[in-house]
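Student: the sequence and its predicted three-dimensional model are supplied below.
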Amino acid sequence: QPDRHLEYMRRALALAQESPPKPTNYRVGALLVDAKTNSILASGYTLECEGNTHAEQCCFIKLAEAHNVPEELLGDILPRETVLYTTVEPCFKRLSGNLPCVERILRLGNAIETVYVGVKEPEKFVGENTGRKQLEDAGIKVVLVEGMEKEILKVATAGHKIADV
Ligand SMILES: Nc1nc(=O)c(N)c(NC[C@H](O)[C@H](O)[C@H](O)COP(=O)(O)O)[nH]1
Ligand SMILES: [Zn+2]
């Protein structure tokens, strides 16, 4: 069980390395997985999709496009045991003002049953990330997959000046 989570987190980290480094965000990779069939429904990395997009958001955009539904209606087509893997925990606030990924997850109802995260978000941009509590209060489990913190943060902050890492 646990090494399945590490396997998916490693794949998400490989995706994060596709993301163009920027000083104003993190390079994150994410996977939407059907835990019942153990199959990947969608993958995403920061800035993969048009505009200032987050990794988790790209998973939703791509799957919504594949099913020809708007992102906010994805809840109707996600399999019962859909889980999200993301190298950095979903954002609860974005300096750009774009809709945070915690809200994107919450508006799908309980379609996503568990969010597996590789690290908690550092406090650099938006202070302490309180998204985990919002998800848990809505009945969505948040599980920290341990063991890859250092490499995840190294990839995530590659666009940041060394001085202020
Ligand atoms: N989980 C997560 N996935 C991402 O793909 C990503 N880039 C972040 N980053 C969180 C960070 O708090 C925001 O990147 C800044 O708050 C700037 O906001 P924008 O990204 O410009 O909307 N977090
Ligand atoms: Zn986000």
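Tutor: That came in fine, so what should we check first? Ligands and ions are numbered 1, 2, ... in the order given.
Student: how many residues are close by residue 20?
Tutor: Neighbour count for residue 20, taken as other Cβ atoms under 10 Å: 12. All C-beta atoms are positioned from the backbone trio N, CA, C, and that covers glycine.
Student: helix, strand or coil for residue 116?
Tutor: Of the three states, residue 116 takes strand according to DSSP: H, G, I helix; E, B strand; the rest coil.
Student: pLDDT value on it, please?
Tutor: With respect to pLDDT, residue 116 has a value of 98.
Student: residue 1 now?
Tutor: We have a pLDDT of 65 for residue 1.
Student: any idea how far residue 13 is from ligand 1?
Tutor: Per Cβ to the nearest ligand atom, to the nearest Å, residue 13 is found 13 Å from ligand 1.
Student: strands of the chain, start to end?
Tutor: 29-34, 39-45, 82-88, 112-119, 141-144 (DSSP state E).
Student: for the residue nearest to residue 91 when sequence neighbours are not counted, give me phi and psi.
Tutor: Leaving out its chain neighbours, the residue that sits closest to residue 91 by Cβ to Cβ, 6 or more residues apart in numbering is residue 100, at 4.7 Å. Note on residue 100: its backbone torsions stand at phi -70, psi 150 [degrees, to the nearest 10].
Student: okay, now the unreliable bits of this structure?
Tutor: Residues of the chain meeting the criterion pLDDT under 70: 1, 163-165.
Student: need the contact list for the residue nearest to residue 141 when sequence neighbours are not counted.
Tutor: Residue nearest to residue 141 in three dimensions, not counting chain neighbours: residue 114, with 4.3 Å by Cβ to Cβ, 6+ apart. Taking Cβ atoms under 8 Å, 6 or more residues apart in numbering, we find residue 114 in contact with 35, 83-84, 140-143.
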